[in-house]
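J.: sequence? don't have it. structure:
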């Protein structure tokens, strides 16, 4: 079990931020979503005021957990693998999720999982949704474009540690990953506070882990999730909220590139920066898919 979550590059230096209360941070803020019926990320979504993520009706949710457990996985969440010169999978070093998009070919993960600087071409990265015990039940998908905020590319800004990957069927077919594995709905523009399920793929384990607990604001730009058992490899893992646990409100990353210990995980708050990046990635990946 690693002492920090970054799998590539320098060791993370811990930095501290003022801890804000949920009430102070959430006052006056809203959550925005981009369903396909509204044109996906290619169109500007109207702001929709919604209540904070709820804990659900009494008795309808499982009690909070203090440590992650292995499970069989989710179709839309998978491991990110490095690939060799022949395109074969080597080690899985991070986690990603299929996010609903017009092109049906987009993933969200932590920017530090891939590097810095938006680019196209063979990224040497592949995605295996629903991966477990060496099996790839929903295929393997080759990353062909990377979209990250300019603040991450230029300075590794921890408030910009989120990115999108466009993927194609590694077998050469014309299938779209969202049609095969499904997708999560991205929501942003405001901190959330409430129950969520966090999922990730530890590098040393061949099955994913998950934990349900509360997500809380750590600062005006970061979320915090306390649950043991999220070591190296879980970066990019989704924070899944809502009654159906299909609403994606964060990914492991951000402060200390996700956390300096496996016990506390962080995420960039999905605000306007993530919204703009999603729209750019959605429009570009949809245009490529239709060309």
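T.: Perfect, I can see it now. In this text the structure is predicted, and so the values were computed from the model without any measurement. Residues are numbered from 1 along each chain as shown.

J.: where does the stretch 101-250 of the chain dip in pLDDT?
T.: 190-191 (pLDDT under 70).

J.: ok, now which ones touch the closest residue to residue 109 other than its chain neighbours?
T.: Spatial nearest neighbour of residue 109, chain neighbours left out: residue 236 (3.4 Å); criterion: C-beta to C-beta, 6 or more residues apart in numbering. (C-beta placed from N, C-alpha, C; glycine too.) For residue 236, the contacting residues are 80, 94-97, 108-110, 113, 200, 251-253, by C-beta atoms under 8 Å, 6 or more residues apart in numbering.

J.: What does residue 236 show for phi and psi?
T.: With angles defined as degrees, to the nearest 10, residue 236 sits at phi 90, psi -10.

J.: Pull up the gap between it and residue 288, please.
T.: 22 Å (C-beta to C-beta, to the nearest Å).

J.: and if you look at residue 158?
T.: 30 Å.

J.: If you count surrounding residues, which of these two has more?
T.: Neighbour count, other C-beta atoms under 10 Å: between residue 158 and residue 288, residue 158 has more, with 23 against 15.

J.: Look up how far residue 63 lies from the residue nearest to residue 109.
T.: Taken as C-beta to C-beta, the span from residue 236 to residue 63 is 27 Å.

J.: ditto for residue 187
T.: For residue 187, the distance to residue 63 - C-beta to C-beta - is 25 Å.

J.: again, but for residue 270
T.: Taking C-beta to C-beta, one finds residue 270 at 26 Å from residue 63.

J.: what do you get for residue 244?
T.: Taken as C-beta to C-beta, the span from residue 244 to residue 63 is 19 Å.

J.: do you know how far residue 198 is from residue 83?
T.: In terms of C-beta to C-beta, residue 198 sits 26 Å off from residue 83.

J.: Neighbour count: the two, which is higher?
T.: Counting neighbours by other C-beta under 10 Å for residue 198 and for residue 83 shows that residue 198 has the greater number, 25 against 19.

J.: pretty sure the more buried one is in a strand, no?
T.: Yes. Counting by DSSP: H, G, I helix; E, B strand; the rest coil, one finds residue 198 located in a strand.

J.: Tell me what residue 145 is bridged to.
T.: Residues in a beta bridge with residue 145, per DSSP bridges, are residue 120, residue 166.

J.: Was I right to think it contacts residue 122?
T.: No. Using C-beta atoms under 8 Å, residue 145 makes no contact with residue 122, being 10.4 Å away.

J.: More neighbours: which of those two?
T.: Each of residue 145 and residue 122 has its neighbours counted (other C-beta under 10 Å); residue 145 has more, 20 against 11.

J.: Compute the distance between the more buried one and residue 256, please.
T.: The value you get for residue 145 to residue 256, if C-beta to C-beta is used, is 27 Å.

J.: next one: residue 124
T.: Relative to residue 256, residue 124 is positioned 25 Å away (C-beta to C-beta).

J.: Neighbour count: those two, which is higher?
T.: Legend: neighbour count by other C-beta under 10 Å for residue 124 and residue 256, higher for residue 256 (22 against 16).

J.: and the more buried one, backbone torsions?
T.: According to degrees, to the nearest 10, residue 256 has phi 50, psi 30.
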